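J.: Build the 3D model from these lines:
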Amino acid sequence: MLHFIFAAVELPMLSDIVWIFGLATLVILLFMRLKIPTIIGFLFTGALAGPYGLSLVTASTTVEALSEIGVILLLFVIGMEFSLKSLLSIKKAVFIGGSLQVFTTILATTFIAHFLGFDWNVSVFLGFLFSLSSTAIVLKLLQEGGQVNTISGRTTLAILIFQDVVIVPLMLFIPMLAGETENIALSLLLMAGKGIAVIILTFLSAKYLIPSLLFRIAKTRNEELFLLSIIVICFAVAYLTSLLGLSLGLGAFLAGLIISESDYSHHATGKILPFREVFLSFFFVSVGMLFDIGFLFSNILLILGLTVLTFLVKFIIVAFSVRTIGQGFKEAFIVGFSIFQIGEFSLLLAKEGMKYELMDPTTYQFFLAISILTMAITPFFLNKRESLSLSILNKSLPSKLNEKFGNEDIPKNITLETDLKDHLVIIGFGLNGHNLAKAARSANIPYVIIEMNPVTVRKEAANGEPIIFGDASNESVLEHVKIHKARVAVIAISNAAATKRIISNIRYMTTNPYIIVRTRYVNEMEENHKLGADEVIPEEFETSIEIFTRVLGKYLVSRHEIEHFTEEVRSFNYEMFRKPADQKASKLKVELPPINMVGFKVEKDSGRFINKPLKEVKLREEIGVNIVAIKRGEKTYSEISGDMKIKLGDLVYVVGKSESLLAFEKEVEID
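T.: Take a look at the predicted model:
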C-alpha cells in the first residue's frame, strides 16, 4: 500500500522532469543548429509542454518550486561574481550610463503605457520590465565574437552590470506598486531600516565569520562538505531576508556578496554553476508554460508593432545614455544594437508582478511575445551591429542637425600621398598594428593605417601617423588607401567575421597585395586561405611555437635547428600541432646533451679550488666542469682568465655533467 502511495506522489514529478528535459534537449539541439539562443529554446519547450501546448506537464507547482530555486541560485552567483573593484574601473559607464539607461527607459515606458490606458502603478511596473536587457544572451554573443574587451563591449558590459544589480531594489518595490501597504513612506523607511540591518550583517559576516568558516572547511579537502556549506549559506541568508519581509532574491544576492569577499568565491562559483543551470532551466520552462502560441498568431500585427516600438525606444535611450558619458555616436549605436531586447530578469519581475496582480493574463501574453521576439532577433542585430552603425553614420544629415548632433567624433581623414605604391596597408591599430608600423617606419617602408576607433585615429593622426578612420570592408575606404597599388596588406584585428569580409573585398577589388592575416585560432585558417589570404598567422600556435623554441634553447638545441624547426612548422600550416600526439609531424630530433649549466654560491673560504689561480687548479681535468662566468658583488665576469681566483661569496656558473656538478657543489658549498 505504501509503495503505491509513494509512487503516486513521485511519478507526476518524475514524469514532468523527464518530459521537460527530454523535450528541451531536442528543442535546444534544433535551435542551436539555427543559431537561436538557448533561453528561447527553454521558453519554447515550456510553451510546447504547457497547458496551451501539448499539456505534457501536470505538476506545475513542482516546476514553480524548482524555478524559484533557480532564481535564488542565479542571484546568488551574481552576488559571488560581483566585484567593487571591477565596478570602480568602469564606474562612469556603470553608474552614469547604466542608471541613465534604466531610469530613462522606466520613465519613457511609464508614459507610453499610461497613454495606452494602463494605471500609473502598472505603467511604472511595465517600465521596470522593459528597462532590463538579456545579460545571458548578449555576453555569450560578445564572448563568441571576441568583443568583450572593445570600447563598446566594455560599455555594454557596464550597463548590463548595473541592470543585474538594480533588479534587487526593483523587486523590493513591486509590493508597493501593488498597493500592499497603505503608508508608502513608512514602508520605504521600514524597508530601508531592514536593508541597512541586513547590509551590516552581510558586512560583518563577509569580514569576519564566513572567511574563517570557509577556511576551516576548505582545510578538510572534502568537496561535499564545501558544496554543502555554500548551499547552506545561500539558502540561510535568503530565508533570513524572507523572515524580515524582504525578498528571497535579495537574500541570495547578499549571500553571494558575503562569499565574494572570501578567497573561495571562484571555487564556490564553479561548484554552484551546474546546479544553477539545471534549476534555472525550470524557471524559463515555467515562464514558457504560461505562453499561448495561439495568442501570438492571433495578435501578430499588434505584437510586431509593439516589438518594433520596443526596439526603437530602447535603442534611442541606450544610444543617448552612452553618448552622455562621452563616447562617440558609433559606439553609442553599437551598444544600442546590442541591448535593445527584453531580458531574462524581466521575466522574473513579470512573474512577481503576476503574483501581486500587477498584470492581467492578456498583458502578460503580450509581454511574453515581445520578450521572446526581441531575444530571438538579438543575434542578428548584434552580429551586424558595426555595419549597421556605420550605415547610420554614413547617412547624410541636414546641415543644421549635423552641426548640432553630427558625427564630430569621427575624425576627418588625413590626405594621403597621391603617389602611394608598393606600400603597406595596416588594418587595425592595436598592439600588433602599432608594432608593425614602428618596424615599417624604421625600415623606411611606406605604410598607411585603417582604424575604426575614433579616439585612436585622432590621437595617432596628431602624432603624424598616416592613419584614416573607416571600415576596411568598405570598398571606398580601400580605394582611398590605394589597395590596388599596395604590396602587402596586414589584417590585424580580432573580429573573425570582419576579417573574412575584408579579405573578400580586397580580393574582389584586386589580386595585387600579399594579404597577411592575424587570427586567434587555427580553425579559422582554412576559410581565410580560401577567401584569398596568402598567409594566416594564428595566435594560439604562434604562442606555442614561441614557448617551445625557448624550451629548445634551454635544452641547448642549436639556434640553426630551432629556426629550421619553426620554418617547417609554419610552412605546413602548423600541421605538427594539429596532429594527434602519436603521429610523426616533424623530423626534428632533440637529443638532450648530458650537460647542464648551474650557478653555485661559494660558501667556503678555503679548499682545493678556492683562492687559487684557475690555471693551477685544473677544474676540467680534476672534476670535469668548465667555468663560464663568475658574479662577484654587482659585477659579472664572463671572460675567465687563468689568473682569476674563486673567492668566498662568488656566484660561479659552471657547465658539466650531473656527477661533475655534484662534485663541484661539495667543494664550494657547505653541506
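J.: Name the residues of stretch 300-307 that are buried.
T.: When neighbours are counted by 16 or more other C-beta atoms under 10 Å, the buried residues of stretch 300-307 are found to be 303, 306-307. In this view, the C-beta of every residue, glycine as well, is placed from N, C-alpha and C.
J.: Identify, from the residues you listed, the entry nearest to Lys330.
T.: Within the set of these, Thr307 lies nearest Lys330; the separation is 25.3 Å, counting by C-beta to C-beta.
J.: Now the closest one: which helix or strand?
T.: For Thr307, the host element (DSSP states H and E) is helix 300-324.
J.: Packing partners of the next helix or strand after that helix?
T.: With elements assigned by DSSP H and E, the helix or strand that comes after helix 300-324 is helix 329-336. Contacts defined by 3 or more C-beta pairs under 8 Å, 6 or more residues apart in numbering; DSSP states H and E place helix 329-336 against helix 151-177, helix 300-324, helix 385-393.
J.: returning to what we had before: quick one: list the elements packing against the helix holding Thr307.
T.: Other helices and strands packing on helix 300-324, by 3+ C-beta pairs under 8 Å, 6+ apart, are helix 99-115, helix 120-131, helix 151-177, helix 329-336, helix 361-383.
J.: Could you pull up the mean pLDDT of that helix?
T.: Averaged across helix 300-324, pLDDT comes to 93.
J.: Distance from the chain centre to that helix, please.
T.: When distances are taken as C-alpha atoms, centre = their mean, to the nearest Å, helix 300-324 is centred 25 Å away from the chain's centroid.
J.: Would you check that Ile670 makes contact with Lys601?
T.: No - applying C-beta atoms under 8 Å, one finds Ile670 not in contact with Lys601, separated by 9.8 Å.
J.: the more surrounded of those two?
T.: A count of neighbours by other C-beta atoms under 10 Å puts Lys601 above the other of Ile670 and Lys601, at 14 against 7.
J.: so what's that one up against?
T.: 649-652, 668-669 (C-beta atoms under 8 Å, 6 or more residues apart in numbering).
J.: excluding its backbone neighbours, what's nearest Phe381?
T.: For Phe381, ignoring the flanking residues on the chain, the nearest one in space by C-beta to C-beta, 6 or more residues apart in numbering is Phe337 at 4.8 Å.
J.: for the stretch 1-150 of the chain, what spans make up the helices?
T.: For the stretch 1-150 of the chain, the helices defined by DSSP state H, counting those that start in this stretch cover 2-33, 38-49, 60-81, 84-89, 91, 99-115, 120-131, 135-144.
J.: between those helices, which has the poorest average model confidence?
T.: Across the helices of the stretch 1-150 of the chain, helix 84-89 has the smallest mean pLDDT, namely a mean of 58.
J.: residue boundaries of the helices in the stretch 551-671 of the chain?
T.: With DSSP H, counting those that start in this stretch as the criterion, the stretch 551-671 of the chain has helices spanning 559-571, 575-578, 614-617, 619-623, 658-668.
J.: Worst mean pLDDT among these?
T.: Out of the helices of the stretch 551-671 of the chain, the stretch the model trusts least by mean pLDDT is helix 575-578, with a mean of 51.
J.: Low-confidence regions, the stretch 151-300 of the chain specifically.
T.: In the predicted model, the stretch 151-300 of the chain carries pLDDT under 70 at residues 180-188, 191-192, 195, 245-247, 249, 261, 263.
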